[in-house]
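Peer 1: Fold the following and give me the result.
(chains A and B, ligands or ions: 4)
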Amino acid sequence: MSRKPEDIVSAAVVKHGSGREAVMGILTDVNRELGYIPEEAIKAAAKAVDVSNAEIYSVLSFYSFFSTEPRGRNIVRLCNTISCEMNGSSDILDAIEKELDIKTGETTADGRITLETTSCIGLCDESPAMLINDTPHTRLTPEEACKILAGLE
Amino acid sequence: MPNVSVTINGVTTSVREGVTILDSCKTAGVEIPTLCYHPDLSLAGNCRMCLVEVEGWKTLAIACVTPVTPNMVINTHSKKVRHARRTVLKLLLAAHNVNCPECERNKNCELQELAEKHNITFNEYQTSPKPSSIEEVSPGIMRDNSRCIMCTRCVRTCEELQSVAVIRPVGRSASVNISTFMDLGLNNVPCTQCGQCINRCPTGALFETSEIRQVWEAIEDPEKFVVVQTAPAIRVGIAEALGLPTDRTTGKMVAAIRGLGFDRVLDTDFTADLTIIEEGHELISRLKKVLVDGDTDTALPMTTSCSPGWIKFIEHKYPDLLPNVSSCKSPQQMFGALSKTYLAGKEGVDPSKVICVSIMPCTAKKYEKERPEMRDSGYKDVDYVLTTRELASMIQEAGIDFDNLHDEKYDRWMGDSTGAAVIFGATGGVMEAALRTAYEIVTGQEIPFEGLNIIPVRGMEGIKDAAITMPDKMASGFEFLAGVTLKVAVVHGLANTRKLMDKVRAGEVDYHFIEIMACPGGCLGGGGQPIPTNPTVRKKRSDAIYEEDAVLHFRKSHANPEIQLLYAEFLKEPLGHKSHELLHTHYTKRD
Ligand code: SF4
Ligand code: SF4
Ligand code: SF4
Ligand code: FES
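Peer 2: Ligands and ions are numbered 1, 2, ... in the order given. The predicted structure is shown next:
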């Protein structure tokens, strides 16, 4: 049973404070625990920091690691920036989409995997690369990528 | 701050240390193009339109945010500068839905003007034209982000001037847009519909929800009896909206509106006077309840209620203070309710045939007229609201030569006006008008200010206050006020309002009466007024308003002969049964 979004925010405020600079910490805590940042959490964070809902929404909309939609148990983020792209990331994306039968941005019906692309994750020297949750996987091929995904719970 | 010497385009001048390059160039009479800069707002430095060259600098300087330093050598139109500015403009235009003939801001657009001034006749970056997309619709405001240049002037307006902060950049990089919380749209967030963002947008990305077409249709329908009311601030805005110098042009405005084909041209000033009578009596009655009866349920300070932007603001932000708001409807809505009852009777027309159109300096009035409680006449009290800008557009469409019109007068029954009503259009005006009348009711004498001009409540300071001590000798029935010092405050712009309301909530101030206008400067700076707006423009409009007050025959609301007739024949008495039915309202707490 996970905590209510408002409670996660309250706990995060104790940890990070209620200044403007606490916003990223609060949002990260919510995102980590729930896998996404629901509307109630945005409202609670805005209230705690005393800024408008729009301001919090604006901040989180900037970061691709934050989402306002529920996501799967595992989040796969394939880098789409130029080095990975030159080393074949689009072929990998095609292969994964086909394998999982979803498009980028979607979640598998069983809630197992959400597929996303991301801007540079700093692994250009080992491209193409992807992150699964917090773990990097590098020098991928389409086959290898699909194999890794098959092993996810 | 000491002065420093700077050289601008080869000419050396002395400017205050610390001012920006932009300001020092302005002082020197050198124009620098800007887009994200606005004199009412904080500096953003995001558009790069104002780039200039500074000797010894590797990169170009952003004039609007860079302070001058001693002996700075500035060049504002070197080859490098001109090339950079042209590139900035071309890139902005390439990401823009360039469709000027179909745009609300055609011929009054800063982007268009700069493109013309910089002779952008060909744009090699333009790939495919961006399609138009009306992203947002609300009763007062529309947004088409395909014309947005992301200057954030609207965002800063909403946050800094209005402390509402419902719009923000959302997303990143090429997909960033100005949007609302969860992209819900202005209609579903605590937007006050004030339209201040429209007035500060350099392009056609923000504009009012137009009702021009509906108004033409009503005028052209022979079955309908179309009456129009004009708000106090229109008479000092309409000339400007038509491209003429700011001036009070009441007579020409009446002639122009009549020329459009309305059946009756009447004045919101009439119901502004009525508001003063009703609100004045409400204030006196609240004072009596608190001071004499010791009633703890009666809320003081009482605040005005004529600004619908303010009403929506308090409903969202200070619902606990709603009992403090006067129950008087705004003059627009009082007019609407009377147009379909009293006026219909006087004119002998079927109220169901009456269409009430108002010309307002305001976009929040478009929202106000849609409120479900605004139907006390048995019909929708006000059918359509046009902004000053929309009226100008109709006058132009009809080919009316405004400047050469002869002055005409308002029609009767609801057309008489006083100086007290005219100054409703400026911050402090409602307070001044209310004091002129209320003081006289309770003391039987004129308020002791030279020429009835209550100077302490005038001017553009954000929060003003005044105290007036009542004489020992009062009119009969008002002896309880003898020697009482009445404390009043006047505030305009919602950021100032928030500061004051926080103090009211905390019990830190002991005012009896507060005038609140959502827009900076009051209605003369309303979201429906001509664009641009800035301190100079607002000052000119304000001067024109007080000039009009000074020349009018009647200067006190209770002296308005048609108001006296209205009470004698129809309402009977202030705060009476009919008044409560038609002229007063209630408010709703909103999330
Ligand atoms: S916003 Fe300005 S440049 Fe753009 S279409 Fe409208 S008038 Fe033209
Ligand atoms: S209309 Fe007023 S409250 Fe609404 S977004 Fe614009 S500035 Fe903000
Ligand atoms: S809507 Fe207008 S004011 Fe707001 S960012 Fe866009 S161009 Fe600037
Ligand atoms: S006006 Fe200076 S950066 Fe926009």
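
Peer 1: mind listing what the residue of the stretch 1-150 of chain B found nearest chain A touches?
Peer 2: Going by C-beta to the nearest C-beta, chain A is nearest to B:Met150 of the stretch 1-150 of chain B, at 12.6 Å. All C-beta atoms are positioned from the backbone trio N, CA, C, and that covers glycine. Taking C-beta atoms under 8 Å, 6 or more residues apart in numbering or on different chains as the criterion, B:Met150 is in contact with B:Asn46, B:Pro169, B:Val176, B:Ile178.

Peer 1: May I ask which of those residues has the most neighbours?
Peer 2: Highest neighbour count within the contacts of B:Met150, by other C-beta atoms under 10 Å in any protein chain shown: B:Ile178, with 26 neighbours.

Peer 1: elements contacting the helix or strand harbouring it?
Peer 2: Here B:Ile178 is covered by strand B:177-179, with elements defined by DSSP states H and E. The contact analysis (3 or more C-beta pairs under 8 Å, 6 or more residues apart in numbering or on different chains; DSSP states H and E) places strand B:177-179 against strand B:168-170.

Peer 1: Kindly recompute the last result at 10 Å.
Peer 2: Under the contact definition 3 or more C-beta pairs under 10 Å, 6 or more residues apart in numbering or on different chains; DSSP states H and E, strand B:177-179 sits against helix A:53-62, strand B:134-137, strand B:141-144, strand B:168-170.

Peer 1: contacts for it?
Peer 2: Strand B:177-179 is contacted from outside by A:54, A:57-58, A:61, B:135-136, B:143, B:145-146, B:148, B:150-152, B:154-155, B:158, B:166-171, B:183, B:185-186, B:189, B:197, B:201, B:205-206, using C-beta atoms under 10 Å, 6 or more residues apart in numbering or on different chains.

Peer 1: returning to that earlier point: of all the helices and strands packed on strand B:177-179, which one is nearest ligand 3?
Peer 2: Of all the helices and strands packed on strand B:177-179, it is strand B:141-144 that lies closest to ligand 3, at 6.6 Å by C-beta to the nearest ligand atom.

Peer 1: any idea how far A:Gly25 is from the residue positioned nearest the centre of chain A?
Peer 2: The centroid of chain A falls nearest to A:Phe65 when counting by C-alpha atoms, centre = their mean (3.6 Å). Between A:Phe65 and A:Gly25 the computed distance is 14 Å (C-beta to C-beta, to the nearest Å).

Peer 1: Quick one: the strands in the stretch 201-350 of chain B, in order.
Peer 2: B:206-208, B:225-230, B:264-267, B:302-303 (DSSP state E, counting those that start in this stretch).

Peer 1: Packing partners of the helix or strand following the strand holding B:Ile178?
Peer 2: Downstream of strand B:177-179, the next assigned helix or strand under DSSP H and E is helix B:196-200. Counting by 3+ C-beta pairs under 10 Å, 6+ apart, the packing neighbours recorded for helix B:196-200 are strand B:141-144, helix B:153-156, strand B:206-208.

Peer 1: which of the ones you listed sits most buried?
Peer 2: Most buried of those, by mean neighbour count (mean count of other C-beta atoms under 10 Å in any protein chain shown): strand B:206-208, with a mean of 27.

Peer 1: which bits of the stretch 51-200 of chain B sit near chain A?
Peer 2: B:155, B:158-159, B:163-173, B:175-184, B:189-191 (C-beta under 10 Å from any C-beta of the partner chain).

Peer 1: Need the buried ones from the residues you listed selected in PyMOL.
Peer 2: Restricted to buried positions by 16 or more other C-beta atoms under 10 Å in any protein chain shown, the PyMOL selection for those reads:
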select buried, chain B and resi 155+158+159+163+164+165+166+167+168+169+170+176+177+178+179+180+181+182+183+184+189+190+191
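
Peer 1: Of the residues of the stretch 51-200 of chain B next to chain A, which ones also sit close to ligand 3?
Peer 2: B:Ile178 (C-beta under 6 Å from any ligand atom).

Peer 1: mind giving me the domain split of chain B?
Peer 2: B:3-77, B:92-208, B:212-270+B:333-404 (automatic domain parsing).
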